[in-house]
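# Task: produce atomic coordinates for the following.
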Amino acid sequence: MTLIGLDDTDSRERGMCTTYLAVRIAERVRAAGGAVERLVLARLNPAIEHKTRGNAALCVHTDLAADDSFAIAHEAVDALAATDDPRTHPGIVVAPGDKAPVSVVGFSRRAVRERLSLDEAEGCIESAGYRHSGWGNSRGVIGALAAVGAWGAFDDPTYEHISYREAQRRGTPREVDFDSLVAAADWGYPAAWDTVDRGEGAMVCVPHAPGPILHGVRGDDPRTVKAVAERIESEPVERVGLFVTNQGTDAHLRDGTIGTCTDGHAYRLDGRVSNPPATRRGGHVFFELERNRTLRCAAFEPTKRFRERVRSLRAGDALTVCGEVSDGTLKLEKFAVRDLVTTERVVPSCPDCGCSMESAGRGQGYRCRDCETSAPGKVERPVERDLEIGWYEVPPCARRHIAKPLVRGGFDAPTHPER
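This is a model prediction of the structure:
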């Protein structure tokens, strides 16, 4: 077995896609007499500033000899990668053997949650005895090595079936029939998820950026995602690829505390809401979460209807929040309500006339002057809440590739999935 890892071959402006390059490498491997066992798509740390939208690294698993595999991968990157973009710095790593060693698998797990250096990647490559090559500043070698170890690092594999556009259509508006897409999504749900956003009327599986992808269907079952893709009416499909992935798994989240979390990492944190949520300019919603220390949490405008869930929070509610910390703010991806404030202290009403009492003076309680009634202090009143105990999430249109949709299950409280 030979593992061909590659990364950073695409461009935000010029298009291309590393998944497409992996499919093309797989085709060249087969043409050279090799068999391809699987294509692995690894989503790495979503907080890395150099990434294109999904921060994906790819690995082709084949039985072709390592030297032949290296030559094919090198030629494919030369021919197809967007190396004319000064921010694109491809890398390939070719590893002989059926599986990566523990050191490389550990590197892959860390690459999903941390910011790793090229020096560390090259040291790991040298120790493992792998061949590698880089273009530009060779930054893509980091992701390429992470892709090599990704199969051993996955413990909850999911799948994506990607359909690619004909070359002459790239750069033009994608032609996908919305009604057929919605019907296909309904047919495949919940085994296929995040195909459309029904609340926003958005075709989530159809990208907007330039590049060769027509649509990508994600889910738990490879046969289902393929069948959903085949039910979508669209412009002609040039070629397809099926990938095993770590998408939809929350692999980027680490358990932490408010006092120890740092920028550039994604966390799962517990605390209580310390102030009422506030909507600020642009429609962004903010609140403070407290547990010994405080942390600002935000539901930004692109999270759409999720913001109404956040606005429904009250000071004192106990939560578990999930998301990336950036500039000292946790960008919410989902949260769990652990305990809700269900009462509030209010000025008592007069038992005779029903009007609100007024203060009788500092420390003297409340009184009704007309009825000459009194009360020693404020009283508890039930509060109606729009939230329930359990998990809430951003809608599919705002979900990160690696974030786990609630419909997949395995959560520690009731769930309220978005479709």
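# the domain parsing of this protein - what is it?
The record's domain split for the chain, according to automatic domain parsing, is 2-153, 158-245, 253-342+384-416, 343-382.
# The second one: how far from the chain's middle?
Relative to the centre of its chain, domain 158-245 is centred 18 Å away, using C-alpha atoms, centre = their mean, to the nearest Å.
# Equivalent analysis for stretch 127-136, please.
29 Å.
# ok, residues contacting it?
66, 70, 74, 77, 81, 83, 86, 88-96, 100-101, 103-104, 122, 125, 140-141, 144-145, 148 (C-beta atoms under 8 Å, 6 or more residues apart in numbering). Backbone N, C-alpha and C define where each C-beta goes, glycine included.
# now do 6 Å
70, 74, 83, 89-95, 104, 125, 141 (C-beta atoms under 6 Å, 6 or more residues apart in numbering).
# circling back to that earlier point, output the domains of the chain as CSV; include the columns mean pLDDT.
Compiled in CSV, the domains of the chain are given as follows (pLDDT from 0 to 100):
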stretch, mean pLDDT
domain 2-153, 92
domain 158-245, 96
domain 253-342+384-416, 97
domain 343-382, 89
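# In TSV: those domains, plus mean neighbour count.
Below are the domains of the chain laid out as TSV (neighbours: other C-beta atoms under 10 Å):
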stretch	mean neighbour count
domain 2-153	21
domain 158-245	19
domain 253-342+384-416	18
domain 343-382	13
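# all helices for the stretch 51-200 of the chain, in order.
66-80, 102-113, 118-128, 140-153, 178-188 (DSSP state H, counting those that start in this stretch).
# next one: the stretch 251-400 of the chain
306-311.
# Now do the strands in it.
Secondary structure of the stretch 251-400 of the chain, counting by DSSP state E, counting those that start in this stretch: strands at 253-255, 265-273, 278-279, 285-291, 293-299, 318-326, 329-339, 343-346, 358-359, 366-368, 373-375, 379-382, 390-393.
# Can you list the strands that the first one pairs with?
Right, strand 253-255. Under the criterion DSSP bridges, strand 253-255 sits next to strand 265-273 (parallel) in its sheet.
# can you check the longest one too?
Sheet neighbours of strand 329-339, with direction, are listed as strand 293-299 (parallel), strand 318-326 (antiparallel), strand 390-393 (antiparallel) (DSSP bridges).
# List the contacts of the first one.
Which is strand 293-299. 258-259, 274, 284-289, 306-307, 310, 321, 329-332.
# how far does it sit from the chain's center?
That offset, for strand 293-299, works out to 19 Å (C-alpha atoms, centre = their mean).
# leaving aside the residues next to it on the chain, what's closest to Gly283?
Spatial nearest neighbour of Gly283, excluding adjacent residues (C-beta to C-beta, 6 or more residues apart in numbering): Glu301 at 4.1 Å.
# now Cys371: how far from Pro222?
Cys371 sits 74 Å away from Pro222, going by C-beta to C-beta, to the nearest Å.
# Thr195 is in contact with Trp187, isn't it?
No. With contacts counted by C-beta atoms under 6 Å, Thr195 stays clear of Trp187, the gap being 9.8 Å.
# thinking again about what came up before, export the strands of the stretch 251-400 of the chain as JSON lines, with columns for distance to Leu406.
Listed next are the strands of the stretch 251-400 of the chain as JSON lines, based on distance: least, C-beta to C-beta, whole Å:
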{"stretch": "strand 253-255", "distance to Leu406": "14"}
{"stretch": "strand 265-273", "distance to Leu406": "14"}
{"stretch": "strand 278-279", "distance to Leu406": "24"}
{"stretch": "strand 285-291", "distance to Leu406": "20"}
{"stretch": "strand 293-299", "distance to Leu406": "16"}
{"stretch": "strand 318-326", "distance to Leu406": "11"}
{"stretch": "strand 329-339", "distance to Leu406": "7"}
{"stretch": "strand 343-346", "distance to Leu406": "29"}
{"stretch": "strand 358-359", "distance to Leu406": "47"}
{"stretch": "strand 366-368", "distance to Leu406": "45"}
{"stretch": "strand 373-375", "distance to Leu406": "45"}
{"stretch": "strand 379-382", "distance to Leu406": "28"}
{"stretch": "strand 390-393", "distance to Leu406": "5"}
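# For Pro405, which of these is the nearest?
strand 390-393 (6.9 Å; C-beta to C-beta).
# Outside of the closest one itself, list whatever touches it.
Residues contacting strand 390-393 (C-beta under 6 Å, 6+ apart): 309, 334-336, 406, 411, 413-416, 418.
# Recalculate using a threshold of 7 Å.
309, 334-337, 405-406, 411, 413-418 (C-beta atoms under 7 Å, 6 or more residues apart in numbering).
# Go through the helices of the stretch 51-200 of the chain and name the closest to Arg170.
Per C-beta to C-beta, nearest to Arg170 of the helices of the stretch 51-200 of the chain: helix 66-80, 12.5 Å.
# Show me what that closest one is packed against.
strand 2-7, helix 18-31, strand 91-96, strand 131-134 (3 or more C-beta pairs under 7 Å, 6 or more residues apart in numbering; DSSP states H and E).
# Mind checking what helix or strand follows the second one in sequence?
Pointing back at helix 18-31 there. Sequence-wise, the next helix or strand downstream of helix 18-31 (DSSP states H and E) is strand 36-43.
# how big is the angle separating that next one from helix 102-113?
40 degrees (axes from the mean of the first three to the mean of the last three C-alpha atoms, to 10 degrees).
# Please report how far the closest residue to His401 other than its chain neighbours lies from Pro90.
Nearest-residue entry for His401: Gly54, 4.5 Å, with adjacent residues in sequence omitted and distances by C-beta to C-beta, 6+ apart. Computed as C-beta to C-beta, the Gly54 to Pro90 distance reads 16 Å.
# dump the residue contacts of the nearest residue to Ser356 once chain neighbours are set aside.
Distances taken as C-beta to C-beta, 6+ apart place Val347 nearest to Ser356, at 5.2 Å, with adjacent residues excluded. Applying C-beta under 7 Å, 6+ apart to Val347 gives the contacts 356-357, 366, 378.
# circling back: out of the strands of the stretch 251-400 of the chain, nearest to Glu49?
strand 318-326 (9.8 Å).
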